[in-house]
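**Student:** sequence and predicted structure are below.
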Number of protein chains: 2
Amino acid sequence: MSLTDNLNTQRITLCQALAEEEGARIDALLSELRSADIAEIFGAILADDEGSSRTLALMEHLPLERRASVLGHLPDNTQRTLAEALGDEDLLMILEEMGSDERADLFNLLDEDYRQRLLRRMARRERQELKRLASYEEGTAGAIMTTDYVAIPSGMTVSQAMMRVRQTAPDAETVYQLYIVDSHGRLAGTLSLRQLMVAPPGGQIDSLMIRDVIHAPVDEVQEEVARIVARYDLLALPVVDGDARLVGIVTHDDALDVVESEATEDIHKGMSIGTLEDGVSRVPLWSLYRKRVTWLVLLVFANLFSGAGIAYFEETIAAQVALVFFLPLLIGSGGNAGAQAATLMVRGMATGEVGIKDWGKLMGREMLVAGSLGLTMALAVAPIGVMRGGEALALVVAMSMVTIVLFGSVLGMCLPFLLDHLGWDPATASAPLVTTLIDASGVLIYFGIATTILGT
Amino acid sequence: MSLTDNLNTQRITLCQALAEEEGARIDALLSELRSADIAEIFGAILADDEGSSRTLALMEHLPLERRASVLGHLPDNTQRTLAEALGDEDLLMILEEMGSDERADLFNLLDEDYRQRLLRRMARRERQELKRLASYEEGTAGAIMTTDYVAIPSGMTVSQAMMRVRQTAPDAETVYQLYIVDSHGRLAGTLSLRQLMVAPPGGQIDSLMIRDVIHAPVDEVQEEVARIVARYDLLALPVVDGDARLVGIVTHDDALDVVESEATEDIHKGMSIGTLEDGVSRVPLWSLYRKRVTWLVLLVFANLFSGAGIAYFEETIAAQVALVFFLPLLIGSGGNAGAQAATLMVRGMATGEVGIKDWGKLMGREMLVAGSLGLTMALAVAPIGVMRGGEALALVVAMSMVTIVLFGSVLGMCLPFLLDHLGWDPATASAPLVTTLIDASGVLIYFGIATTILGT
């Protein structure tokens, strides 16, 4: 909170200084701020009507390197707006200053005409590099990797390698993990700067390096890349192409961003919301509508099964209207327990903790837990059954509760595995889908038990 | 998947080699595995009956440093089991070899008697350090920080600092970010190893260092610590005590673990599941039951409000049993839309994207989106209303749909802000809670509209 408040104050001060044309004050204010914070302030200014002209004026006060860094920190929508407001000349200079991964990301946000115009003005080698990096599919290692790493040719001595590190230092994303490549550009080994620093200067890199390097193929999905970085506590993960050639590295900060954004995506999916291209407060309304409406409407139709169940038992209901009292409670409880079971599995699968091989063991565990949950909830609701309709009704309600909770939980637990087995995303087993399925089953179970015990 | 299969194979091979007492083969197998992978294999072996004796026998084959690393990678439950199976002597040696943060974590897992026994055998300074680190509250910067950092006394030259880095290298968690402290131990500045390497050897650290260091107080919550590391792309975040003295650092890999585990916690909370102390496949059944049952039972009682609403309209229902057909559909749809709205807000607040100041703007956005969602769903369901009961029923159902979806979404959107304002965790606005609240309101809205339009 205090950071946000603080940035709000800074934004107002900056805009005042701009209105009063106090250039020196703007310089001083900006020099005290970090790029991530300036990006947040610019984002807020850009949301205003005359935002882009004011932001451009403020940009003028930043040194080129900082402009590149601030632009890289902006969310996609805002980054595009600002990039389009900049002139070709300015944007080209900024692009050159950006890290290779951020450059490719920004490039992919621009429209085709603009991209062609920029490409024509670049040097050939730069153009090829950018086109290659921009071509990797979103959500893969290739799309999040940077090409600004320190590669050491196999055969160097420690002191030669150290010299190389010093030379590359200003440009590389990280100089703390070095990658040794053979004459074909293939990844041959790795060495940390720490190891290099304590090695004898005349030593051979090839005899010091670790040959068994953890790496990822360029088309690996970004979740898996982040998982590997987390599992082995890596500073960076080298990425190789189909010929085992080193083509980039994914650094720890990008892995952290992936974990954060994948978690958001998973949380949204758990409520049947599609992947948003920006934060909830910034994404266009039409997009937010589309990402929410699909499953909501599908589930309206799925809910007709509940209606059909009720229609089938209409006579039982007409004879015992008191039964309706417990309907939302029973199907709601089953839905809640089932959604819990599904969510536990989906998250376990996402973090790699559970897999299809654990299904049998997990099924046994879920039946024990869900049975106990159902019994507890039946005990809670039975007295109310007695109060509203006597012991027979209490028996119907309690039996239904146990059955619905147990059935719902097992259904919720199995659905992610089933979806995974069919090649779907297990996260499709969202709370809304699971509760809708359990609603329909719950209606049948409840009125089925009621008809049997109470008669029609 | 393939990693898991691979580790399974390795586990079986290791156990065979152990049964056949082929020591050299065990050594060879273990030397090819990484600590995180050995930890996973040991975890699987420990789950067996005779697991701990077999794991201890395998441990014997690891060099001391690797034992410490493997133990640190194990989940809490398993770590405790194994630590208790080790003798005092062995455990003390391993503890000494561990990073200071992992040592304190493991120490906190042991029972009081064991802890006292171990403390008595430690040197005084070691004992004090361990007691101090173990005393920080779980979930704070203090509990996840390490004290193995490189501190450079203010006043040193570049070459003196470089010497210090070389001396500390084997023990420090990271040598790539250096922290400069004044004579009182206060954090005075920071310098990256990269900057140090390109500086003139005779230069003064104090004139090179960055004085405005991003840092966290020792009692800062770990989510915020991870957020700062992510926001500013840090390798490590220095942690200071109340007197501004440097007391530790939180490294990027620990921040990544926090983001991962906080996401799991948030996802579980979103389904009203309490924080599990271990993975879903390993946590004791009794604990899993307790973490799920609380809210489920509370919501059974909350659901009685739906029942009460139904009881109030029993005459309307008895006169028009066809109304029940649409009940699960309408309250389910409202619940789904409301749970979506709540989830979007809770996640936005967790990532720091939205705050109470955005409430007005978000409210306007939600009303537009939810209104459109409600209209779309009403259009989908209206024809079915005509089919089952004519135009009057269709009108009731369509009007109820729009009202319930709009009301549910606004309720779902506001609840996290309200909870936050009251000092509760916004994530308490879970899908089960929101849908239960909307169920009860939906019953009143639906039958209220029905009574008005159709008469009793």
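**Tutor:** All right, it came through fine. Residues are numbered from 1 along each chain as shown, chains lettered A, B, ... in the order given.

**Student:** so stretch A:368-384, near chain B or not?
**Tutor:** Yes: Stretch A:368-384 lies within reach of chain B by CB under 8 Å from any CB of the partner chain, at A:368-369, A:372-373, A:376-377, A:380-381, A:384. Glycine gets a C-beta too; all of them are placed from N, C-alpha and C.

**Student:** of those, just the buried ones, ChimeraX syntax please.
**Tutor:** Selection of buried members from those for ChimeraX, criterion 16 or more other CB atoms under 10 Å in any protein chain shown:
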select /A:369,372,373,376,377,380,381,384
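
**Student:** now render the residues of stretch A:368-384 next to chain B as JSON lines, adding pLDDT and secondary structure.
**Tutor:** Shown next, in JSON lines, are the residues of stretch A:368-384 next to chain B (pLDDT from 0 to 100; DSSP: H, G, I helix; E, B strand; the rest coil):
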{"residue": "A:368", "pLDDT": "96", "secondary structure": "helix"}
{"residue": "A:369", "pLDDT": "96", "secondary structure": "helix"}
{"residue": "A:372", "pLDDT": "96", "secondary structure": "helix"}
{"residue": "A:373", "pLDDT": "96", "secondary structure": "helix"}
{"residue": "A:376", "pLDDT": "96", "secondary structure": "helix"}
{"residue": "A:377", "pLDDT": "96", "secondary structure": "helix"}
{"residue": "A:380", "pLDDT": "94", "secondary structure": "helix"}
{"residue": "A:381", "pLDDT": "93", "secondary structure": "helix"}
{"residue": "A:384", "pLDDT": "92", "secondary structure": "helix"}
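
**Student:** which residues sit against stretch A:77-84?
**Tutor:** Stretch A:77-84 has contacts (CB atoms under 8 Å, 6 or more residues apart in numbering or on different chains) with A:42-43, A:46, A:52, A:55-56, A:59, A:71-72, A:74, A:91, A:106, A:109-110, A:114, A:277-278, A:282.

**Student:** repeat for stretch A:299-311
**Tutor:** Identification of contacts with stretch A:299-311 by CB under 8 Å, 6+ apart yields A:272, A:317, A:331, A:432-433, A:436-437, A:439-440, A:442-444, A:447, B:322, B:324-329, B:332-333, B:336, B:377, B:380-381, B:384, B:388.

**Student:** need phi/psi at the residue of the stretch 101-250 of chain A found nearest chain B.
**Tutor:** Going by CB to the nearest CB, chain B is nearest to residue A:233 of the stretch 101-250 of chain A, at 4.0 Å. When quoted as degrees, to the nearest 10, the phi and psi of residue A:233 stand at phi 50, psi 50.

**Student:** tell me the contacts of it?
**Tutor:** So, once contact is read as CB under 8 Å, 6+ apart, residue A:233 ends up touching B:36, B:253.

**Student:** what about the helices in the stretch 51-200 of chain A?
**Tutor:** Under the criterion DSSP state H, counting those that start in this stretch, the stretch 51-200 of chain A contains helices at A:51-59, A:64-73, A:76-85, A:88-97, A:100-109, A:112-120, A:124-135, A:141-144, A:158-168, A:193-197.

**Student:** okay, the angle between the fourth one and helix A:64-73?
**Tutor:** Translated: helix A:88-97. Going by axes from the mean of the first three to the mean of the last three CA atoms, to 10 degrees, helix A:88-97 is angled at 80 degrees with respect to helix A:64-73.

**Student:** put the alpha carbons of helix A:88-97 into CSV.
**Tutor:** Below are the C-alpha coordinates for helix A:88-97, written out as CSV (Å, rounded to 0.1, in the frame of the first residue of the first chain):
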residue,chain,number,x,y,z
ASP,A,88,10.7,5.4,-35.6
GLU,A,89,14.1,7.0,-34.8
ASP,A,90,13.6,7.1,-31.1
LEU,A,91,12.1,3.6,-31.0
LEU,A,92,15.0,2.1,-32.9
MET,A,93,17.5,3.6,-30.5
ILE,A,94,15.6,2.3,-27.5
LEU,A,95,15.2,-1.2,-29.1
GLU,A,96,18.9,-1.4,-29.6
GLU,A,97,19.4,-0.6,-25.9
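
**Student:** mind listing what's buried along it?
**Tutor:** The neighbour-count check on helix A:88-97 (16+ other CB under 10 Å) flags A:90-92, A:94-95, A:97 as buried.

**Student:** about what we covered before: can you list the helices of the stretch 51-200 of chain A in CSV and add distance to residue A:403 and mean pLDDT?
**Tutor:** As requested, these are exported to CSV (distance: least, CB to CB, whole Å; pLDDT from 0 to 100):
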stretch, distance to residue A:403, mean pLDDT
helix A:51-59, 58, 84
helix A:64-73, 54, 91
helix A:76-85, 48, 86
helix A:88-97, 63, 89
helix A:100-109, 52, 89
helix A:112-120, 58, 89
helix A:124-135, 55, 88
helix A:141-144, 47, 94
helix A:158-168, 67, 89
helix A:193-197, 61, 89
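
**Student:** what's the most buried one of these?
**Tutor:** Each of the helices of the stretch 51-200 of chain A was scored by mean neighbour count; the highest is helix A:141-144, a mean of 24, by mean count of other CB atoms under 10 Å in any protein chain shown.

**Student:** so what secondary structure elements neighbour it?
**Tutor:** In this structure, helix A:141-144 packs against helix A:100-109, helix A:222-231, strand A:236-240, strand A:246-251, with contacts taken as 3 or more CB pairs under 8 Å, 6 or more residues apart in numbering or on different chains; DSSP states H and E.

**Student:** mind putting those into JSON lines with distance to residue B:80?
**Tutor:** Converted to JSON lines, the helices and strands packed on helix A:141-144 look like this (distance: least, CB to CB, whole Å):
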{"stretch": "helix A:100-109", "distance to residue B:80": "41"}
{"stretch": "helix A:222-231", "distance to residue B:80": "22"}
{"stretch": "strand A:236-240", "distance to residue B:80": "31"}
{"stretch": "strand A:246-251", "distance to residue B:80": "34"}
